[in-house]
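>>> From the sequence below, what's the structure:
(chains A and B)
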Amino acid sequence: MADPMKIRAVSRNNVADVRVLMAHEMETGQRKDSSGKLVPAWYISEVTASLNGKLVMKAHWGPAISKNPYLQFKIKDAKKGDTVTVTWTDNKGEKRTDEAKVG
Amino acid sequence: MNHQRRSTLKAASGAGLYGALVTIGLLKPGQVSAQALDEAFKAQGIAATLKALGASDAAVSNDITIMSPDIAENGAVVPVGIRSNLPKTQSMALLVEKNPSALAGSYDILDGAEAEVSMRIKMGQSSDVVAVVKADGKFYMARKEIKVTLGGCGG
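Here you go, the predicted structure:
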């Protein structure tokens, strides 16, 4: 099981500024290991974000996103106490979902 | 009798469900199909990627801002943000011209999200980055050069 995400959501003027830090290798598939073999690609390919269960943003990623990805986005009409849920799926099918309250 | 419903059902059975759903507006055409995205992630260079995204006719727009440093010291971690002031922004994508595959990420902006995202990307070398925004069914783009002093694709 992958490490949990760090999610911080702060609402100002009813707009929530959401910052997410995920723990993932994000291997490009271009790199070679010490024996000269290609390291197979392993990266988060999809990230979804919901506010109180309603999908607001969906990201499609390639391996060019940095290791331990950082993502920031903004949600309209988000009040203190609302729930932000973020789910990522990698190209091996592994998933991780975490949530945070808007502060 | 609900005539619209009837013709919808007819179209759905005839011309393929996806096309029919787009026609009646149930599926938003703003979201690029998964297949097109797969193609786009394999494409090399800006022109081929734009073509795969169906955005070859993207117009240069001043309403798109690329937020990034002009010089990135470490190509493995380059902070880049895209903001669109275009009304009805549906999706935003970030392309890096000189990366092995240009498309770094594409974001569907649904109802309830603002047209602004930030991320950290890898860049193999100094390159132009291009933000492609789909708003109200049309494509727009903006371009910015980022200089990288240390490449991000070591090995």
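>>> So which residues on chain A come close to chain B?
Among all residues of chain A, those adjacent to chain B (criterion: C-beta under 8 Å from any C-beta of the partner chain) are A:15, A:28, A:30-32, A:39, A:49, A:51, A:54-67, A:69-77. No exception for glycine: its C-beta is placed from N, CA and C like everyone else's.
>>> Type out the PyMOL command that picks the buried ones from those.
Selection of the buried residues among the residues of chain A next to chain B in PyMOL, burial being defined by 16 or more other C-beta atoms under 10 Å in any protein chain shown:
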select buried, chain A and resi 15+28+30+49+51+55+56+57+58+59+60+61+62+63+64+65+66+67+69+70+71+72+73+74+75
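>>> Out of the residues of chain A next to chain B, list just those in helices.
Secondary structure from DSSP state H places none of those in helices.
>>> what bits of the chain have low per-residue confidence?
Picked chain A for this. A:1 (pLDDT under 70).
>>> wrong one, I was asking about chain B
B:1-32, B:151-155.
>>> Let me see the ranges of the strands in it.
Ranges of strands in chain B, per DSSP state E, are B:59-60, B:64-67, B:71-72, B:78-84, B:89-96, B:103-109, B:113-121, B:127-135, B:138-148.
>>> Partner strands of the second one, with direction?
When pairs are called by DSSP bridges, strand B:64-67 turns out to pair with strand B:78-84 (antiparallel).
>>> Which one of the strands of chain B lies nearest to residue B:40?
Between residue B:40 and the strands of chain B, the shortest separation by C-beta to C-beta is 5.0 Å, and it involves strand B:103-109.
>>> Show me what that closest one is packed against.
Applying 3 or more C-beta pairs under 8 Å, 6 or more residues apart in numbering or on different chains; DSSP states H and E, one finds that strand B:103-109 contacts strand A:54-61, helix B:34-42, helix B:45-53, strand B:89-96, strand B:113-121.
>>> Would you mind finding the most buried of those?
Mean neighbour count (mean count of other C-beta atoms under 10 Å in any protein chain shown) peaks for strand B:89-96 among those, with a mean of 25.
>>> Next, see if that one gets close to chain A.
Yes - counting by C-beta under 8 Å from any C-beta, chain A is contacted by strand B:89-96 at residue B:96.
>>> who are the neighbours in contact with the spatially most central residue of chain B?
Nearest to the geometric centre of chain B sits residue B:93, at 2.6 Å (C-alpha atoms, centre = their mean). By C-beta atoms under 8 Å, 6 or more residues apart in numbering or on different chains, the contact list for residue B:93 reads B:40, B:53, B:103, B:105-107, B:131-133.
>>> Tell me, how many residues neighbour residue A:13?
Number of residues near residue A:13 (other C-beta atoms under 10 Å in any protein chain shown) recorded here: 4.
>>> Buried subset of the contacts of residue B:93, written for ChimeraX?
Filtering the contacts of residue B:93 down to the buried ones (16+ other C-beta under 10 Å) takes a single ChimeraX command:
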select /B:40,53,103,105,106,107,131,132,133
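>>> Would you convert the contacts of residue B:93 into a markdown table that also reports distance to residue A:101?
A markdown table is the format used below for these (distance: C-beta to C-beta, whole Å):
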| residue | distance to residue A:101 |
| --- | --- |
| B:40 | 35 |
| B:53 | 36 |
| B:103 | 33 |
| B:105 | 26 |
| B:106 | 28 |
| B:107 | 23 |
| B:131 | 31 |
| B:132 | 34 |
| B:133 | 31 |
